[in-house]
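> Need a 3D model of the following:
(one chain, ligands or ions: 2)
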Amino acid sequence: MREVITLNEFIFQSQEEHPEATGALSSVLRAIELSAKMINREVNMAGLVDIIGTMGVKNAYGEEVAKLDDFSNEILIKSLRNCGDCCGIASEEEQDINIFENELSKKGRYVVLMDPLDGSSNIDVNVSIGTIFSVFERISPIGELCTHEDFLQKGRKQVAAGYVVYGPSAMFIYTTGQGVHGFTLDPSIGEFCLSHRNMKTPWKGKILSINEGNTAYFSEGTKAYVNWCKEIDKESMRPYGCRYVGSMIADLHRNLIKGGIFIYPATTKSPEGKLRLLYECNPFAYLVEQAGGKATDGQVDLLDIKPTELHQRIPIFIGSGAMVEKSMEFLEIHDKRNVEV
Ligand code: AHM
Ligand code: MG
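Numbering: from 1, shown residues only. Ligands and ions are numbered 1, 2, ... in the order given. Below you'll find the model as predicted:
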């Protein structure tokens, strides 16, 4: 029989390889894992809402499930507050940081930034959605309340990042800087089991993921790159296939495994792009870099950008290294943008 390694066992084994580790980061990861299982349970029920509603099993049920993003946010906050090693969180769902004021949490070494349920416009149509998270060691003194500065660190300082896909199977993928590892939920035992050890993304891919409906708003550089992707050239495997789910999690998960580029560029409508640096782009940048790929805003590595505000948006070009580098060449030639790093 094949040996099964659960996420908990894997986290514990990885911790043992670092004698200096106190187990605090493991406890934060386990709190996220627990939340993910509970969110997955609710996501699985979401499709049954109408049936359950009309059967009158529970009147309020439809309402609860319709607010899955709120539910996911609450669940994560509660688990992280209870774990005692996290001193505060920032969430795409919250205006400001949520400082944990209880005595135990004040001693926590870590802050967590998260998008509790990304791709929420896809809930209604039974398409994969997910949770994205990013963990930093606090800068503020342990024992005091955490501050905004703890959350506004460069992505390069992340100590862990990951995402959970709620898809045909639920998967938990994370890195602590020692490669990217993927775990698939076995519902029969309620555990995430190691299924993808040390994931690597192909340096060259042939999938282009971009919302091409926005072409009229793209810069000349982005338009030129997208057109180049559609030209015929056997050597560089062009034309690339277009795949765009509209759930960053699903698009990036597929591209991570198969190779490809995901772009959400600056547009004339949203000059800073759409996606959030802290909750969506930084964690994926860390994961993709760990898997051997690249992530930039079109000019510089995303992980080197110093955030200025919590809900900052940023353009993103992420995925197979060769593809990201090529896209940057087009932006360099056609666009002139200056970003302060
Ligand atoms: P959300 O945080 O409101 O769910 O929005 C983020 C999502 C991403 O998952 C996805 O990549 C993007 O929005 C799709 O945007 P668009 O519909 O503009 O292509
Ligand atoms: Mg989101």
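> Now do the end-to-end distance for stretch 236-252.
End-to-end distance of stretch 236-252 (CA to CA, to the nearest Å): 21 Å.
> any chance you could map the helices in this protein?
7-16, 24-46, 49-55, 61-66, 68-83, 103-106, 148-151, 220-229, 248-258, 282-290, 321-334 (DSSP state H).
> Number of residues surrounding the residue of the stretch 1-150 of the chain found nearest ligand 2?
Relative to ligand 2, the nearest point of the stretch 1-150 of the chain is residue 118 (3.7 Å; CB to the ion). To be clear about C-beta, it is placed using only N, CA and C from the backbone, and glycine gets the same treatment. Taking other CB atoms under 10 Å as the criterion, the count of residues near residue 118 is 27.
> going forward can the numbers begin at 30, since that is how I track them
Right, with 30 as the first residue, what we last looked at is residue 147.
> ok, it touching residue 159?
Yes. Residue 147 lies in contact with residue 159 (CB atoms under 8 Å); the separation is 5.5 Å.
> what do the two both touch?
Taking CB atoms under 8 Å, 6 or more residues apart in numbering as the criterion, residue 147 and residue 159 both touch 192, 276, 278.
> is the closest residue to residue 340 other than its chain neighbours in a bridge, and if so with what?
Once flanking residues are discounted, residue 340 sits nearest to residue 305: 6.1 Å by CB to CB, 6 or more residues apart in numbering. Residues in a beta bridge with residue 305, per DSSP bridges, are residue 342.
> Correct me if wrong: residue 53 contacts residue 133.
No. Under the criterion of CB under 8 Å, residue 53 lies out of contact with residue 133, with a separation of 11.9 Å.
> So for the two, which sits in the more crowded spot?
Neighbours were tallied for residue 53 and for residue 133 using other CB under 10 Å; the higher tally belongs to residue 53 (18 against 13).
> Please list all residues in contact with that one.
114, 137, 138, 139.
> hang on, the earlier thing: surely the residue nearest to residue 340 and residue 341 touch.
Yes. If you go by CB under 8 Å, residue 305 and residue 341 touch, sitting 6.8 Å apart.
> who has more neighbours, those two?
Neighbour count, other CB under 10 Å: between residue 305 and residue 341, residue 305 has more, with 22 against 16.
> list the contacts for that one?
121, 144, 340, 341, 342, 343.
> ok, now residue 344?
Residue 344 makes contact with 293, 294, 295, 301, 302, 326, 327 under the criterion CB under 8 Å, 6+ apart.
> Please tell me how far the last one sits from residue 338.
Read it as residue 327. Separation of residue 327 from residue 338 (CB to CB, to the nearest Å): 20 Å.
> Pretty sure residue 236 sits against residue 268.
No. In this structure residue 236 lies outside contact range of residue 268 using CB under 8 Å: 11.1 Å.
> ok, those two, which is more surrounded?
Shown here are residue 236 and residue 268; by other CB under 10 Å, residue 236 has more neighbours (21 against 14).
> And the pLDDT at that one?
Per-residue pLDDT puts residue 236 at 98.
> What residues are recorded as beta-bridge partners of it?
On the basis of DSSP bridges, residue 236 is bridged to residue 270.
> which ones are touching it?
269, 270, 271, 272, 283, 284, 287, 288, 289, 290.
> Which among those residues count as buried?
269, 272, 283, 284, 287, 288, 289, 290 (16 or more other CB atoms under 10 Å).
> ok so, going back, pick out whichever of the contacts of residue 53 sits closest to residue 263.
Nearest to residue 263 among these, counting by CB to CB, is residue 139 at 48.5 Å.
> Now for that closest one, how many residues are close by?
Look at residue 139: counted by other CB under 10 Å, it has 24 neighbours.
> same deal with the one 3 residues further on?
Residue 142: 30 surrounding residues under other CB under 10 Å.
> So for it, what's the pLDDT?
For residue 142, the pLDDT comes out at 98.
> Can you name the residues of the stretch 80-229 of the chain sitting close to ligand 2?
Counting by CB under 5 Å from the ion, the positions of the stretch 80-229 of the chain adjacent to ligand 2 are 144, 147.
> Let me see the ranges of the strands in the stretch 80-229 of the chain.
Using DSSP state E, counting those that start in this stretch, the strands of the stretch 80-229 of the chain run over 115-120, 127-128, 139-147, 158-166, 189-195, 199-204, 209-215, 220-225.
> For those strands, could you give me JSON lines that also reports distance to ligand 1?
Listed next are those as JSON lines, based on distance: least, CB to the nearest ligand atom, whole Å:
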{"stretch": "strand 115-120", "distance to ligand 1": "11"}
{"stretch": "strand 127-128", "distance to ligand 1": "18"}
{"stretch": "strand 139-147", "distance to ligand 1": "5"}
{"stretch": "strand 158-166", "distance to ligand 1": "8"}
{"stretch": "strand 189-195", "distance to ligand 1": "11"}
{"stretch": "strand 199-204", "distance to ligand 1": "16"}
{"stretch": "strand 209-215", "distance to ligand 1": "19"}
{"stretch": "strand 220-225", "distance to ligand 1": "21"}
